[in-house]
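Trainee: just a sequence and a predicted model for now, questions to come.
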Amino acid sequence: MDGVDADFEKLIQLQELDNALRQVTAELSDIPRLIEQVEKKIKADSDLVVRAKERLAQNQKKRRDLEAEVKDLKAQIAKYKRQLNEVKSNKEYTSLLKEIQETQEKIDRLEEEIIRELLVADEIEEEIRTASLKQKNEEEHLKQEIAALTQRKQSLEAEKDQLSRKREELVPGIAKSQLQLYQSIARKRAGIALSRVIEEFCSMCQLRIRPQMLNEIRDRSKLHLCESCGRILYFDYSEESKEEAEESSR
């Protein structure tokens, strides 16, 4: 019986180690995704500034093009005015005056458009200042998040190594037949091969356990599997002692 008891304790320890390893592994596997999410936020803030600067550059180019067009049109007016002194008829004179007027109207429209673009440029520059400040503040915070996640990863890796070493040390002390049974059930039951008996029930599937089986599970005379979920049933006396102590202290 002592040997059976010892194996029971080791199986319980193995389950606890495997549960901890699964949790650590799951958290570890999720960290790259969390870091990627933070990096995407940093890039999104950076892209916001970049896009605003691109719009400002487009705005500046458009203003330069408009200003160049105004310059050409003003040069055209100066040319028309010189030609006024050379015309020979009223018809030519009137035609040139009309050209001057129409060209000046184009200049006026273009200059109004330049002013609108200047106002847009002011808005974009303000947007750049705001986005740059936000980027600076958030990037510092987000980089701290990445540093924390990286540190958490290192801590989890160390914890995983420690748990794995403990498991490697524990496994050779478990009877081969019981270890094989444990591993077979764990594969079928999402890694959970053992189920603690609470009062008269399997804690995993809530099946009521027959009295005779319950007594044999309690005295650990042999391994019993739950008739419903197929897991190894056991009493955790350490937990029972804790619960009794809590009850008596109330």
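Mentor: Structure received.
Trainee: give the contact list for residue 204.
Mentor: Applying C-beta atoms under 8 Å, 6 or more residues apart in numbering, we find residue 204 in contact with 192, 195, 226, 229, 231. The way it works is simple: take the backbone N, C-alpha and C, and place the C-beta from them, glycine included.
Trainee: nearest spatial neighbour of the last one, skipping sequence neighbours?
Mentor: The one in question is residue 231. Nearest in space to residue 231, with sequence neighbours left out and distances taken as C-beta to C-beta, 6 or more residues apart in numbering, is residue 195 at 4.1 Å.
Trainee: the third one too?
Mentor: The shortest distance from residue 226 to any residue other than its chain neighbours is 4.5 Å, reached at residue 202 (C-beta to C-beta, 6+ apart).
Trainee: partners of that neighbour in the sheet?
Mentor: Beta bridges link residue 202 to residue 197 when assigned by DSSP bridges.
Trainee: relative to residue 144, how far out is residue 175?
Mentor: If you measure residue 175 against residue 144 using C-beta to C-beta, to the nearest Å, the figure is 50 Å.
Trainee: compare these two (neighbour count), which wins?
Mentor: The residue with more neighbours, out of residue 175 and residue 144 and counting by other C-beta atoms under 10 Å, is residue 175; that gives 16 against 11.
Trainee: what pLDDT does the more buried one get?
Mentor: Note on residue 175: pLDDT of 90.
Trainee: just give the number of residues close to the residue nearest to residue 226.
Mentor: Residue 202 is flanked by 20 other residues according to other C-beta under 10 Å.
Trainee: neighbouring contacts of whichever strand or helix holds the residue nearest to residue 231?
Mentor: Residue 195 is part of strand 194-198, with elements assigned from DSSP states H and E. Taking contacts as C-beta under 8 Å, 6+ apart, the residues outside strand 194-198 that touch it are 11-12, 15, 182, 202-205, 209, 214, 217-218, 226, 229, 231-236, 239.
Trainee: buried among those? Need that as a selection in ChimeraX.
Mentor: Paste this into ChimeraX to select the buried members of the contacts of strand 194-198, with burial taken from 16 or more other C-beta atoms under 10 Å:
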select :11,12,15,182,202,203,204,209,214,217,226,229,231,232,233,234,235,236
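Trainee: in helices, which of the contacts of strand 194-198 fall?
Mentor: Applying DSSP state H to those, the entries found in helices are 11-12, 15, 182, 214, 217-218, 239.
Trainee: now those as CSV including distance to residue 136 and pLDDT?
Mentor: Putting the ones in helices among the contacts of strand 194-198 into CSV (distance: C-beta to C-beta, whole Å; pLDDT from 0 to 100) gives the following:
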residue, distance to residue 136, pLDDT
11, 55, 93
12, 53, 92
15, 50, 96
182, 55, 95
214, 66, 91
217, 63, 90
218, 65, 89
239, 52, 56
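Trainee: now the two most distant members of the residues you listed.
Mentor: Pairwise distances across these (C-beta to C-beta) peak at 21.2 Å, for the pair 182 and 214.
Trainee: quick one, domains of the protein?
Mentor: What automatic domain parsing lists as the domains of the chain is 2-11+22-171, 175-249.
Trainee: compare those and say which comes out lowest on pLDDT.
Mentor: Note on the domains of the chain: lowest mean pLDDT is at domain 175-249, with a mean of 86.
Trainee: distance check, the closest residue to residue 120 other than its chain neighbours against residue 109.
Mentor: Leaving aside its sequence neighbours, residue 120 sits nearest to residue 59 (C-beta to C-beta, 6+ apart; 5.8 Å). Between residue 59 and residue 109 the distance is 18 Å, computed by C-beta to C-beta.
Trainee: cool, residue 96 as well?
Mentor: As defined by C-beta to C-beta, residue 96 lies at a distance of 21 Å from residue 109.
Trainee: repeat for residue 226
Mentor: With C-beta to C-beta as the criterion, residue 226 and residue 109 are 87 Å apart.
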